[in-house]
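Chemist: Predicted model follows, preceded by the sequence.
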Amino acid sequence: MPRYPASNTMVKMMNGTESYGERLTILARIGFAARGMVYLLIGLFAIDVARHGGQPSDNQGVLGSLSQSSLGSFLLLLCAAGFAGYALWRLIEAALDPEHRSRSLKGRLERAGYAMSGIVYGALALAAVNLVLRKAPAAEGSPGDRTAQGWSAWLLDQPGGQAVLVICGVIFFFIALAQAVKAYRGRFDELAADVPVPEAVRWAGRIGYAARAIVFAMIGWFVINAALHADPDEAGGLGAALRQLRDQEHGPLLLFIVASGLALFGLFSIVEALYRHVRIDGSQLREIARTARQ
(Lines give C-alpha, C1' and ligand atoms only; values in the text may rest on other atoms or scores of the structure.)
Protein backbone atom coordinates (compact mmCIF):
# COMPACT_ATOMS: atom_id res chain seq x y z
CA MET A 1 0.00 0.00 0.00
CA PRO A 2 1.64 3.30 -1.04
CA ARG A 3 2.29 5.84 1.69
CA TYR A 4 1.75 9.54 1.09
CA PRO A 5 2.83 12.55 3.17
CA ALA A 6 -0.75 13.67 3.82
CA SER A 7 -1.85 10.29 5.20
CA ASN A 8 1.24 10.02 7.43
CA THR A 9 0.59 13.46 8.91
CA MET A 10 -3.08 12.66 9.45
CA VAL A 11 -2.19 9.50 11.38
CA LYS A 12 0.14 11.43 13.67
CA MET A 13 -2.53 14.05 14.21
CA MET A 14 -5.13 11.46 15.19
CA ASN A 15 -2.64 9.83 17.57
CA GLY A 16 -2.21 13.16 19.33
CA THR A 17 1.53 13.32 18.62
CA GLU A 18 1.50 16.16 16.12
CA SER A 19 3.79 19.10 16.70
CA TYR A 20 3.13 22.76 16.09
CA GLY A 21 4.81 22.42 12.69
CA GLU A 22 2.62 19.44 11.78
CA ARG A 23 -0.54 21.37 12.60
CA LEU A 24 0.65 24.16 10.31
CA THR A 25 1.40 21.53 7.68
CA ILE A 26 -2.24 20.42 7.86
CA LEU A 27 -3.30 24.05 7.35
CA ALA A 28 -0.97 24.34 4.36
CA ARG A 29 -2.59 21.25 2.80
CA ILE A 30 -6.03 22.75 3.37
CA GLY A 31 -4.63 25.84 1.65
CA PHE A 32 -3.69 23.83 -1.43
CA ALA A 33 -7.20 22.37 -1.48
CA ALA A 34 -8.78 25.83 -1.08
CA ARG A 35 -6.56 27.22 -3.83
CA GLY A 36 -7.58 24.31 -6.03
CA MET A 37 -11.28 24.87 -5.42
CA VAL A 38 -10.97 28.59 -6.21
CA TYR A 39 -8.98 28.03 -9.42
CA LEU A 40 -11.37 25.29 -10.50
CA LEU A 41 -14.31 27.67 -10.05
CA ILE A 42 -12.46 30.54 -11.79
CA GLY A 43 -11.80 28.25 -14.75
CA LEU A 44 -15.35 26.91 -14.92
CA PHE A 45 -16.86 30.40 -14.66
CA ALA A 46 -14.51 31.66 -17.41
CA ILE A 47 -15.40 28.68 -19.64
CA ASP A 48 -19.05 29.63 -19.25
CA VAL A 49 -18.17 33.24 -20.19
CA ALA A 50 -16.30 32.00 -23.27
CA ARG A 51 -19.32 30.01 -24.37
CA HIS A 52 -22.20 32.31 -23.40
CA GLY A 53 -20.71 35.76 -22.71
CA GLY A 54 -20.56 37.77 -19.51
CA GLN A 55 -17.79 38.82 -17.12
CA PRO A 56 -15.09 36.45 -15.82
CA SER A 57 -14.39 36.20 -12.08
CA ASP A 58 -11.12 36.41 -10.16
CA ASN A 59 -10.17 34.96 -6.76
CA GLN A 60 -12.13 37.52 -4.73
CA GLY A 61 -15.09 37.27 -7.09
CA VAL A 62 -15.25 33.51 -6.58
CA LEU A 63 -15.24 34.03 -2.80
CA GLY A 64 -18.15 36.44 -3.25
CA SER A 65 -20.00 33.80 -5.24
CA LEU A 66 -19.31 31.18 -2.55
CA SER A 67 -20.79 33.45 0.11
CA GLN A 68 -24.14 33.30 -1.69
CA SER A 69 -24.34 29.49 -1.49
CA SER A 70 -26.17 27.51 1.21
CA LEU A 71 -22.87 26.41 2.78
CA GLY A 72 -21.23 29.77 2.13
CA SER A 73 -20.06 30.60 5.65
CA PHE A 74 -18.63 27.12 6.23
CA LEU A 75 -16.81 27.07 2.88
CA LEU A 76 -15.45 30.58 3.43
CA LEU A 77 -14.15 29.71 6.91
CA LEU A 78 -12.49 26.61 5.48
CA CYS A 79 -10.96 28.71 2.70
CA ALA A 80 -9.82 31.34 5.22
CA ALA A 81 -8.06 28.74 7.38
CA GLY A 82 -6.47 27.15 4.33
CA PHE A 83 -5.39 30.42 2.77
CA ALA A 84 -3.88 31.54 6.10
CA GLY A 85 -1.92 28.30 6.40
CA TYR A 86 -0.80 28.45 2.77
CA ALA A 87 0.22 32.12 3.15
CA LEU A 88 2.23 31.34 6.29
CA TRP A 89 3.98 28.45 4.57
CA ARG A 90 4.91 30.61 1.57
CA LEU A 91 6.17 33.41 3.84
CA ILE A 92 8.25 30.89 5.79
CA GLU A 93 9.77 29.68 2.52
CA ALA A 94 10.54 33.27 1.58
CA ALA A 95 11.98 34.23 4.97
CA LEU A 96 13.81 31.08 6.12
CA ASP A 97 14.79 29.52 2.78
CA PRO A 98 14.52 25.92 4.03
CA GLU A 99 15.45 24.58 0.57
CA HIS A 100 18.51 26.90 0.31
CA ARG A 101 17.29 28.56 -2.89
CA SER A 102 18.96 31.93 -2.26
CA ARG A 103 22.34 30.72 -3.51
CA SER A 104 21.40 31.80 -7.04
CA LEU A 105 19.58 34.72 -8.66
CA LYS A 106 16.83 32.31 -9.73
CA GLY A 107 16.42 31.20 -6.11
CA ARG A 108 16.19 34.77 -4.84
CA LEU A 109 13.54 35.58 -7.42
CA GLU A 110 11.62 32.45 -6.44
CA ARG A 111 11.69 33.54 -2.80
CA ALA A 112 10.41 36.98 -3.84
CA GLY A 113 7.59 35.20 -5.65
CA TYR A 114 6.85 33.15 -2.51
CA ALA A 115 6.64 36.37 -0.49
CA MET A 116 4.19 37.89 -2.98
CA SER A 117 2.16 34.69 -2.97
CA GLY A 118 2.06 34.74 0.84
CA ILE A 119 0.83 38.32 0.88
CA VAL A 120 -1.84 37.61 -1.76
CA TYR A 121 -3.19 34.56 0.04
CA GLY A 122 -3.05 36.33 3.38
CA ALA A 123 -5.24 39.04 1.86
CA LEU A 124 -7.59 36.36 0.48
CA ALA A 125 -7.86 34.80 3.96
CA LEU A 126 -8.78 38.20 5.38
CA ALA A 127 -11.30 38.77 2.57
CA ALA A 128 -12.94 35.42 3.31
CA VAL A 129 -13.22 36.23 7.03
CA ASN A 130 -14.68 39.66 6.26
CA LEU A 131 -17.32 38.04 4.05
CA VAL A 132 -18.27 35.63 6.84
CA LEU A 133 -18.50 38.49 9.36
CA ARG A 134 -20.41 40.60 6.81
CA LYS A 135 -17.77 43.33 7.11
CA ALA A 136 -17.49 43.49 3.33
CA PRO A 137 -20.13 43.17 0.61
CA ALA A 138 -20.12 40.00 -1.47
CA ALA A 139 -18.61 41.35 -4.69
CA GLU A 140 -18.73 39.04 -7.70
CA GLY A 141 -16.81 39.50 -10.94
CA SER A 142 -13.24 40.75 -10.52
CA PRO A 143 -12.84 43.07 -7.51
CA GLY A 144 -9.13 42.21 -7.54
CA ASP A 145 -8.72 44.62 -10.45
CA ARG A 146 -9.91 47.49 -8.27
CA THR A 147 -7.49 46.40 -5.56
CA ALA A 148 -4.60 46.39 -8.06
CA GLN A 149 -5.59 49.83 -9.30
CA GLY A 150 -5.86 51.16 -5.75
CA TRP A 151 -2.39 49.95 -4.79
CA SER A 152 -0.97 51.25 -8.05
CA ALA A 153 -2.47 54.68 -7.42
CA TRP A 154 -1.02 54.72 -3.91
CA LEU A 155 2.45 53.73 -5.14
CA LEU A 156 2.42 56.31 -7.92
CA ASP A 157 1.80 58.99 -5.27
CA GLN A 158 4.90 57.96 -3.31
CA PRO A 159 8.50 59.09 -3.98
CA GLY A 160 10.06 56.51 -6.27
CA GLY A 161 6.74 54.71 -6.52
CA GLN A 162 6.85 54.53 -10.31
CA ALA A 163 10.11 52.59 -10.17
CA VAL A 164 8.73 50.29 -7.48
CA LEU A 165 5.69 49.59 -9.66
CA VAL A 166 7.95 48.69 -12.59
CA ILE A 167 9.87 46.30 -10.33
CA CYS A 168 6.58 44.69 -9.28
CA GLY A 169 5.70 44.17 -12.93
CA VAL A 170 9.13 42.64 -13.64
CA ILE A 171 8.65 40.26 -10.70
CA PHE A 172 5.36 39.15 -12.24
CA PHE A 173 7.23 38.43 -15.48
CA PHE A 174 9.81 36.33 -13.63
CA ILE A 175 6.99 34.46 -11.88
CA ALA A 176 5.42 33.84 -15.29
CA LEU A 177 8.77 32.56 -16.59
CA ALA A 178 9.10 30.20 -13.62
CA GLN A 179 5.58 28.89 -14.25
CA ALA A 180 6.39 28.37 -17.94
CA VAL A 181 9.59 26.47 -17.10
CA LYS A 182 7.66 24.26 -14.70
CA ALA A 183 5.06 23.61 -17.40
CA TYR A 184 7.79 22.72 -19.93
CA ARG A 185 9.71 20.39 -17.62
CA GLY A 186 6.66 18.78 -16.02
CA ARG A 187 8.71 17.05 -13.34
CA PHE A 188 6.72 17.87 -10.17
CA ASP A 189 9.23 16.19 -7.86
CA GLU A 190 7.44 17.80 -4.92
CA LEU A 191 4.66 15.23 -5.29
CA ALA A 192 6.62 12.92 -3.01
CA ALA A 193 4.91 9.53 -3.06
CA ASP A 194 6.02 5.91 -3.28
CA VAL A 195 4.52 5.63 -6.78
CA PRO A 196 5.24 7.72 -9.90
CA VAL A 197 2.98 10.68 -10.66
CA PRO A 198 0.24 9.48 -13.06
CA GLU A 199 0.65 10.89 -16.56
CA ALA A 200 -2.83 12.48 -16.48
CA VAL A 201 -1.92 14.37 -13.28
CA ARG A 202 1.39 15.45 -14.79
CA TRP A 203 -0.33 16.84 -17.90
CA ALA A 204 -2.96 18.61 -15.79
CA GLY A 205 -0.12 20.32 -13.94
CA ARG A 206 1.74 21.21 -17.12
CA ILE A 207 -1.31 22.73 -18.82
CA GLY A 208 -2.32 24.48 -15.58
CA TYR A 209 1.10 26.05 -15.07
CA ALA A 210 1.19 27.14 -18.73
CA ALA A 211 -2.15 28.91 -18.26
CA ARG A 212 -0.87 30.60 -15.12
CA ALA A 213 2.27 31.70 -16.97
CA ILE A 214 0.10 33.49 -19.55
CA VAL A 215 -2.00 35.17 -16.87
CA PHE A 216 0.98 36.32 -14.75
CA ALA A 217 2.77 37.70 -17.82
CA MET A 218 -0.34 39.72 -18.71
CA ILE A 219 -0.66 41.04 -15.14
CA GLY A 220 3.00 42.07 -15.23
CA TRP A 221 2.39 43.92 -18.50
CA PHE A 222 -0.62 45.72 -17.00
CA VAL A 223 1.42 46.82 -13.98
CA ILE A 224 4.37 48.05 -16.06
CA ASN A 225 2.03 49.97 -18.37
CA ALA A 226 0.39 51.59 -15.34
CA ALA A 227 3.85 52.69 -14.15
CA LEU A 228 5.14 53.92 -17.52
CA HIS A 229 1.95 55.89 -18.25
CA ALA A 230 1.45 56.97 -14.63
CA ASP A 231 -2.11 55.71 -14.94
CA PRO A 232 -3.26 53.32 -12.18
CA ASP A 233 -6.37 52.44 -14.19
CA GLU A 234 -4.15 50.44 -16.56
CA ALA A 235 -3.24 48.04 -13.75
CA GLY A 236 -5.26 44.87 -13.38
CA GLY A 237 -5.31 41.37 -12.03
CA LEU A 238 -6.64 38.00 -13.06
CA GLY A 239 -10.03 39.34 -14.10
CA ALA A 240 -8.45 41.96 -16.36
CA ALA A 241 -6.25 39.30 -17.98
CA LEU A 242 -9.24 37.08 -18.73
CA ARG A 243 -11.21 40.02 -20.13
CA GLN A 244 -8.26 41.00 -22.33
CA LEU A 245 -8.17 37.49 -23.76
CA ARG A 246 -11.93 37.57 -24.37
CA ASP A 247 -11.68 40.87 -26.24
CA GLN A 248 -9.09 39.63 -28.77
CA GLU A 249 -9.84 38.28 -32.22
CA HIS A 250 -10.89 34.66 -31.62
CA GLY A 251 -11.22 35.79 -28.00
CA PRO A 252 -13.78 33.19 -26.89
CA LEU A 253 -11.47 30.41 -28.09
CA LEU A 254 -8.42 31.95 -26.36
CA LEU A 255 -10.41 32.43 -23.16
CA PHE A 256 -11.71 28.87 -23.33
CA ILE A 257 -8.17 27.47 -23.66
CA VAL A 258 -6.70 29.50 -20.79
CA ALA A 259 -9.78 28.97 -18.61
CA SER A 260 -9.54 25.22 -19.15
CA GLY A 261 -5.90 25.42 -18.07
CA LEU A 262 -6.84 27.29 -14.89
CA ALA A 263 -9.49 24.68 -14.10
CA LEU A 264 -6.90 21.93 -14.59
CA PHE A 265 -4.53 23.82 -12.29
CA GLY A 266 -7.30 23.76 -9.69
CA LEU A 267 -7.58 19.99 -10.00
CA PHE A 268 -3.79 19.69 -9.80
CA SER A 269 -3.75 21.79 -6.62
CA ILE A 270 -6.28 19.44 -5.03
CA VAL A 271 -3.94 16.54 -5.88
CA GLU A 272 -1.11 18.54 -4.28
CA ALA A 273 -3.19 18.95 -1.13
CA LEU A 274 -3.09 15.18 -0.73
CA TYR A 275 0.31 14.16 -2.03
CA ARG A 276 2.69 17.13 -2.10
CA HIS A 277 5.73 17.06 0.16
CA VAL A 278 5.00 19.86 2.65
CA ARG A 279 6.98 20.25 5.84
CA ILE A 280 6.86 23.27 8.15
CA ASP A 281 9.54 23.20 10.82
CA GLY A 282 7.88 24.25 14.06
CA SER A 283 11.25 24.72 15.78
CA GLN A 284 12.15 27.47 13.31
CA LEU A 285 8.86 29.23 14.01
CA ARG A 286 9.39 28.99 17.77
CA GLU A 287 12.88 30.43 17.34
CA ILE A 288 11.45 33.37 15.39
CA ALA A 289 8.81 33.95 18.07
CA ARG A 290 11.46 33.74 20.82
CA THR A 291 13.66 36.27 19.01
CA ALA A 292 10.69 38.62 18.49
CA ARG A 293 9.87 38.58 22.21
CA GLN A 294 13.42 39.52 23.22
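Modeler: Structure received.
Chemist: Which strands or helices does the helix or strand hosting Gly266 pack on?
Modeler: Following DSSP states H and E, one finds Gly266 within helix 251-275. Contacts defined by 3 or more Cβ pairs under 8 Å, 6 or more residues apart in numbering; DSSP states H and E place helix 251-275 against helix 5-14, helix 20-52, helix 199-228, helix 238-246. Any C-beta I mention is one placed from the backbone N, CA and C, and that applies to glycine too.
Chemist: want to throw the ones you listed into TSV with mean pLDDT?
Modeler: Output for those, formatted as TSV (pLDDT from 0 to 100):
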stretch	mean pLDDT
helix 5-14	46
helix 20-52	84
helix 199-228	94
helix 238-246	91
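Chemist: Pick the most buried one from those helices.
Modeler: Mean neighbours per residue, mean count of other Cβ atoms under 10 Å, is largest over these for helix 238-246, with a mean of 23.
Chemist: ok, for Arg202, nearest residue in space, not its chain neighbours?
Modeler: Gly186 (5.4 Å; Cβ to Cβ, 6 or more residues apart in numbering).
Chemist: Verify the contact between that neighbour and Val201 for me.
Modeler: No. Gly186 is beyond contact range of Val201, at 10.3 Å (criterion: Cβ atoms under 8 Å).
Chemist: coming back round to it: now the angle from the helix holding Gly266 to helix 238-246?
Modeler: 140 degrees (axes from the mean of the first three to the mean of the last three Cα atoms, to 10 degrees).
Chemist: tell me the mean pLDDT for helix 251-275?
Modeler: Helix 251-275 carries an average pLDDT of 93.
Chemist: any idea how far it is from the chain center?
Modeler: A distance of 12 Å separates the centroid of the chain from that of helix 251-275, by Cα atoms, centre = their mean, to the nearest Å.
Chemist: Could you give me the buried positions within that helix?
Modeler: 252, 254-273, 275 (16 or more other Cβ atoms under 10 Å).
Chemist: The helix or strand containing Gly113 - what's its average pLDDT?
Modeler: Element membership for Gly113, per DSSP H and E: helix 105-132. Helix 105-132 carries an average pLDDT of 81.
Chemist: Next secondary structure after that helix?
Modeler: Per DSSP H and E, the first helix or strand lying C-terminal to helix 105-132 is helix 143-156.
Chemist: can you list contacts of that following helix?
Modeler: Residues from elsewhere that reach helix 143-156 (Cβ atoms under 8 Å, 6 or more residues apart in numbering): 58-61, 64, 123, 161-162, 164-165, 168, 219, 222-223, 226-227, 230, 232-233, 235-240.
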